[in-house]
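Chemist: sequence plus predicted model, see below.
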Amino acid sequence: MDESRRDRFEEIAPGLVEPLRRYLARRTDPDTAEDVLAETLLVCWRRVTELPDEPLPWAYGVARNCLRNAERSARRQGRAAARLAAQPVDPGPPEAVEVHVALGRLRAEDAELLRLWAWERLEPREIAEVLETTPNAVSVRLTRARAKLRDELRKSSARAGHEQA
């Protein structure tokens with residue numbers, strides 16, 4: 001059964017891809033079109049035994065529904081973003097603001113390493129798994145990143161006129 005499903009899909013998919021790509025390109029932006037095309041082909045794969053002899057019109061219907069889902073999702077995301085943007089932002093205590101600013105001045109890799117360690121409370125071996133490296137490399141990088149963060153915090157304190165301890 002699985003081999004016949006694959007054979008059927010491999011037989012029809014090449015004839016669907018370009019017509020569906022053009023159909024979607026005329027209706028949405030390129031990134032959304034590619035995402036919807038992938039979703040449409042996935043539905044075709046899942047339902048390959050139900051495809052009619054002439055699958056293109058059926059696939060257009062699937063693409064149309066997938067595009068509507070993508071558009072609904074984009075509208076929901078837009079509404080959620082608007083609600084979040086309308087919320088007043090509490091920057092937290094001045095120290096937290098300073099930490100965020102200092103993290104922003106670090107290399108992105110160092111900042112992420114520090115966030116995983118401090119905010120997510122991961123151990124070096126766990127961070128190594130997330131970053132796909134070794135625990136030893138994480139320990140070395142973490143030591144260096146902490147020193148860089150300390151330096152950035154000292155600089156920001158000096159700029160703000162705070163006395164250094």
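Modeler: Now that the structure is in, tell me what you want to look at.

Chemist: pLDDT-wise, which helix or strand of this protein ranks last?
Modeler: Least confident helix or strand of the chain, by mean pLDDT, DSSP states H and E, is helix 94-105 with a mean of 83.

Chemist: I'd like to check what contacts that one. Which residues are they?
Modeler: Applying Cβ atoms under 8 Å, 6 or more residues apart in numbering, the contact partners of helix 94-105 are Pro91, Ala111, Leu114, Arg115, Leu149, Glu152, Leu153, Ser156, Ser157, Ala160. Every residue, glycine included, has its C-beta placed from N, CA and C.

Chemist: let's go with 6 Å and repeat that
Modeler: The contact list for helix 94-105 (Cβ atoms under 6 Å, 6 or more residues apart in numbering) reads Pro91, Ala111, Leu149, Glu152, Leu153, Ser156.

Chemist: what number of residues lie near the last one?
Modeler: Same thing as Ser156. Ser156 sits with 16 neighbouring residues when counted by other Cβ atoms under 10 Å.

Chemist: that one: which element?
Modeler: In this structure, Ser156 is located in helix 135-159 according to DSSP states H and E.

Chemist: hang on, the earlier thing: now the least confident helix or strand of the chain: how far from the chain's centre is it?
Modeler: Taking the mean of its C-alpha atoms, helix 94-105 sits 24 Å from the chain's own mean (Cα atoms, centre = their mean, to the nearest Å).

Chemist: quick one, that helix and helix 135-159 angle?
Modeler: 120 degrees (axes from the mean of the first three to the mean of the last three Cα atoms, to 10 degrees).
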